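Chemist: coords please:
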Amino acid sequence: MKFDPITKEVYTDKGEFVKTLNCPYKMSWDKLEVINSSSRKCVNCDHLIIDTENLTDHNLLDIIKQNPQTCLKIDLNQQNIQIISNGRIKQQ
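Modeler: So this is what the prediction gives:
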């Protein structure tokens, strides 16, 4: 999974666009209604929020195709993410 924190765009490792993140509520993960260990529900908008830390690109695409309104939790330090800028991997 690739994420551009400037544009908030999420891509698969192969560069396929998944979703642009946009939350007008700026909710904290800890403040959301617990569904299970990897998903929560927003009390403001009723959307499902999925923690992407243990998802494969295939799982992520399936989730978004089933419900494009699903929100994503991305931690910039998670192991399955590459931080990009303008489509390029950032040097660390």
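Chemist: Could you use CA atoms for every contact and neighbour count after this?
Modeler: OK.
Chemist: Contacts only, for L61.
Modeler: Applying C-alpha atoms under 8 Å, 6 or more residues apart in numbering, we find L61 in contact with V18.
Chemist: what's the weakest-modelled helix or strand in the protein?
Modeler: Every helix and strand in the chain was compared by mean pLDDT, DSSP states H and E; the lowest is strand 88-89, with a mean of 65.
Chemist: Quickly list what the spatially most central residue of the chain is bridged to.
Modeler: The chain has L72 as the residue nearest its centroid, 3.2 Å off, counting by C-alpha atoms, centre = their mean. Counting by DSSP bridges, L72 forms beta bridges with I50.
Chemist: Compute the distance between it and D30, please.
Modeler: 14 Å (C-alpha to C-alpha, to the nearest Å).
Chemist: How about I83?
Modeler: 24 Å.
Chemist: Just give me how far stretch 31-40 sits from the chain centre.
Modeler: 14 Å (C-alpha atoms, centre = their mean, to the nearest Å).
Chemist: Enumerate the positions of that stretch that are buried.
Modeler: By neighbour count with 16 or more other C-alpha atoms under 10 Å, stretch 31-40 contains the buried residues L32, S39, R40.
Chemist: So which residues make contact with that stretch?
Modeler: W29, K41, C42, V43, L48, I49, I50, D51, T52.
Chemist: tell me which of those is nearest to V10?
Modeler: Distances from V10 to the contacts of stretch 31-40, taken as C-alpha to C-alpha, are shortest for T52 (10.8 Å).
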